[in-house]
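Enquirer: sequence and computational prediction follow.
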Amino acid sequence: MQEETEKGYEEKLKLALKAEKAYYEDDKPIMTDSAYDALIRELKAYEEAHPNEKADNSPTTRVGGKATSSFSKVEFPVRMLSLKNAFTDEEVLAFMDNTKAGNVGYVIQPKLDGLTLVLWYENGMLQKAATRGNGEVGEDVTVNAYHIHGIPSVVKSTDAFMVRGEVVMHKEDFEALNKQRAKEGKPLYANARNVAAGTTRQKDPTIVGKRNLMFYAYDTPGNESFTTEAEMLDFLGEQGFIRPRTYIVSTSDEYINSILPERVHIIKKQEEFLPYAIDGAVIKTLSRGACRIRLGEGTHDPNWAIAFKFTPVSAITRLAGVTWQVGRTGRVTPVAELEPVELCGTLVERASLHNVDYIKELNLHIGDMVSVYKAAEIIPQIDCVVESMNGDEIKVPSICPDCGAELVYDPPALTCLHEDCAARIKAELRYFVARHNMDIQGIGSAVVEELVDTGKVKSPADLYKLTEKDLITPGLIAETKAKAILAEIEKSKQQPFVRVLSALGIDSVSTSTAKLLVAKFQNIDALMAATEEDLVQVEGIATITALAIEHSLYSDRKKNLIQALKGYGLNMQAEVKEPAGTKLAGKTFCITGTLSQPRDVFKQMIEDLGGKVTGSVTSKTDYLLAGDGGGSKHAKADSIGVPIINETQFKELIK
């Protein structure tokens with residue numbers, strides 16, 4: 001048993017070293033941060049239990065990866081430490097208990113997901129810029145730093161000082177870059193972090209200048225002249241640096257033990273509205289100087305700061321088997337059957353495997369030890385193979401596991417084309433009655449199974465001809481429940497057209513796409529008459545989406561469903577809304593940054609008053625409505641003279 005444990009440690013060590021090199025040196029991660037964190041925790045646990053067996057090259061005591069050989073080396077006068085991770089409120093409270101003495105409060109900031117950069121200033125001029133590297137030696141990227149927004153080449157202070165921060169690519173710039181690459185037929189980038197890191201280390205500075213990278217400053221390493229973190233951040237602002245959004249919580253607050261964790265979770269909720277990607281929140285002592293000297297630092301991380309990671313915690317378990325699930329469009333997807341493992345407070349036994357190609361990419365076999373995590377904290381997914389056990393190959397089915405029809409494999413999709421496949425009908429029905437679509441309460445999975453298996457429902461339209469007698473089923477649906485379901489079905493006839501359209505299950509038509517289509521075509525007949533050319537005129541609908549919509553709408557099954565639902569009196573016409581006014585008629589807005597409410601709220605206000613909202617700033621834009629952040633859109637508006645207004649000014653404008 002001991003020998004097997006040692007072997008497991010060696011295998012995991014190899015995997016961790018491989019992942020470390022891929023992330024820090026190649027900017028091509030092979031696993032998510034959460035999977036890597038889980039692996040490091042397992043290595044640490046083994047090393048603590050067996051200190052004599054700890055490998056000299058273990059990544060558990062290192063800050064980052066090696067400096068690449070492509071750039072000259074830069075030695076740091078002070079170590080650029082990483083941060084210890086926390087995943088629960090209890091860990092945050094323990095950190096607070098350990099840092100209370102001599103500390104007057106805490107600073108909380110979003111943890112930007114980019115590339116750490118260190119800058120040197122002297123006599124008011126930028127002298128040098130380097131990546132963090134391994135914390136002791138980094139890479140000289142000074143030439144590229146001059147092309148990164150948010151890095152001033154000249155500052156007010158003539159003293160020598162260092163600045164540490166993060167280079168990121170804003171979400172909107174990343175999306176624009178990938179759209180352009182798609183048009184050019186080039187492979188898409190996986191995420192903004194990789195682009196920011198790879199671009200910062202480009203040999204050609206002109207490429208850096210075209211990528212709209214942004215630098216956010218958050219520290220002055222080795223500078224002991226500031227009493228508090230707030231003073232230091234004020235200094236950075238005075239020098240012209242952009243700082244991440246910062247919150248301060250005082251230790252004198254009576255409810256600090258609830259306020260501080262709550263503030264961390266508020267940052268998590270704001271994640272989708274921030275202009276940049278984040279993977280957690282950083283908590284530091286507000287006090288610097290003597291407080292931090294007393295708390296001290298380890299070889300890897302300081303004791304006066306901690307990172308609360310938002311990325312889901314991973315768990316490692318064994319793949320017991322793979323089953324195949326048929327969806328409403330006929331798509332057949334593999335589902336991993338796992339040895340039960342606890343993850344985020346629940347027992348996980350199944351996980352998504354996406355498609356056949358994903359299995360091939362993972363080189364996954366039955367019996368492998370795998371890392372599983374929860375995407376968006378809801379859906380378990382397999383991230384990577386932690387240890388290959390050389391088990392049986394996963395067999396891809398050639399016939400539908402439900403109806404026996406021959407499957408069509410058009411990589412990466414595996415599809416059952418038999419429209420009367422019971423599994424497809426069940427999935428279609430579940431989608432139709434879902435809360436975000438027709439919202440028909442009482443028809444859960446068990447009821448769906450019963451209705452389809454007994455042949456009472458072969459299409460969502462059949463719901464509207466059900467009787468009480470059809471529904472009553474001993475042990476499943478009593479008379480009272482049957483009456484309630486019929487009332488829900490009748491009530492669903494009042495749902496607006498946009499919900500009906502979404503519920504139809506047209507390929508590539510989500511709730512948001514349904515809103516775009518309804519706004520453009522107003523009724524089902526106009527939509528049915530639309531061609532691919534008409535559909536691509538709708539802002540937000542690409543050619544590939546238009547083709548999918550057209551193909552799905554023209555299928556006999558979808559035509560028959562629409563005709564039947566019309567006959568049962570469902571809304572197939574958009575409600576004509578009286579415009580709130582014409583105050584913004586003819587005006588074009590672009591929205592950027594973080595506002596007090598989601599952007600869609602402001603978009604609706606503008607459209608209700610006759611205005612138009614676009615996704616980019618051009619010479620035709622009348623106003624840029626800007627919240628916190630804003631990045632490249634803010635800079636573009638400045639450069640071409642588009643008026644930039646804040647939320648208060650916007651509200652004055654529409655009074």
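Expert: Cool, the structure landed. Keep in mind it's a predicted model, so treat the numbers as computed, not measured.
Enquirer: now do the strands in the stretch 201-350 of the chain.
Expert: 213-219, 247-250, 278-285, 305-309, 315-326, 332-343, 346-352 (DSSP state E, counting those that start in this stretch).
Enquirer: so for residue 39, which of these sits nearest?
Expert: Closest to residue 39 of these, according to Cβ to Cβ: strand 315-326, at 8.2 Å. Just so you know, the C-beta spots here come from the backbone N, C-alpha and C atoms, and that holds for glycine as well.
Enquirer: helix/strand/coil for residue 642?
Expert: On the three-state scheme (DSSP: H, G, I helix; E, B strand; the rest coil), residue 642 is labelled coil.
Enquirer: what about it, how many residues nearby?
Expert: For residue 642, the neighbour count with other Cβ atoms under 10 Å is 20.
Enquirer: one more: residue 49?
Expert: For residue 49, using other Cβ under 10 Å, the count is 10.
Enquirer: follow-up on the earlier one: want to try JSON lines for the strands of the stretch 201-350 of the chain, with mean pLDDT as columns?
Expert: Putting those into JSON lines (pLDDT from 0 to 100) gives the following:
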{"stretch": "strand 213-219", "mean pLDDT": "94"}
{"stretch": "strand 247-250", "mean pLDDT": "90"}
{"stretch": "strand 278-285", "mean pLDDT": "92"}
{"stretch": "strand 305-309", "mean pLDDT": "91"}
{"stretch": "strand 315-326", "mean pLDDT": "92"}
{"stretch": "strand 332-343", "mean pLDDT": "89"}
{"stretch": "strand 346-352", "mean pLDDT": "85"}
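Enquirer: same list (these) but as a markdown table, adding mean neighbour count and distance to residue 622.
Expert: Formatted as a markdown table, those follow (neighbours: other Cβ atoms under 10 Å; distance: least, Cβ to Cβ, whole Å):
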| stretch | mean neighbour count | distance to residue 622 |
| --- | --- | --- |
| strand 213-219 | 24 | 25 |
| strand 247-250 | 16 | 34 |
| strand 278-285 | 23 | 31 |
| strand 305-309 | 22 | 41 |
| strand 315-326 | 18 | 49 |
| strand 332-343 | 18 | 46 |
| strand 346-352 | 15 | 44 |
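Enquirer: residue 624 is nearest to which of the ones you listed?
Expert: strand 213-219 (16.6 Å).
Enquirer: tell me what angle that closest one forms with strand 305-309.
Expert: 140 degrees (axes from the mean of the first three to the mean of the last three Cα atoms, to 10 degrees).
Enquirer: domain parsing for the protein?
Expert: 2-61, 73-170+200-309, 315-416, 495-576, 588-653 (automatic domain parsing).
Enquirer: indicate which one of those is closest to residue 477.
Expert: domain 495-576 (21.1 Å).
Enquirer: for stretch 182-202, buried residues please.
Expert: The neighbour-count check on stretch 182-202 (16 or more other Cβ atoms under 10 Å) flags 192, 193, 194, 195, 196, 197, 198, 199, 200, 201, 202 as buried.
Enquirer: could you check how far the second one is from residue 121?
Expert: For residue 193, the distance to residue 121 (Cβ to Cβ, to the nearest Å) stands at 26 Å.
Enquirer: for the third one, same thing?
Expert: Counting by Cβ to Cβ, the gap between residue 194 and residue 121 amounts to 28 Å.
Enquirer: same question, residue 550
Expert: Taking Cβ to Cβ, one finds residue 550 at 58 Å from residue 121.
Enquirer: more neighbours: which of those two?
Expert: Remark: of residue 550 and residue 121, residue 121 carries more neighbours, 22 against 17, as counted by other Cβ under 10 Å.
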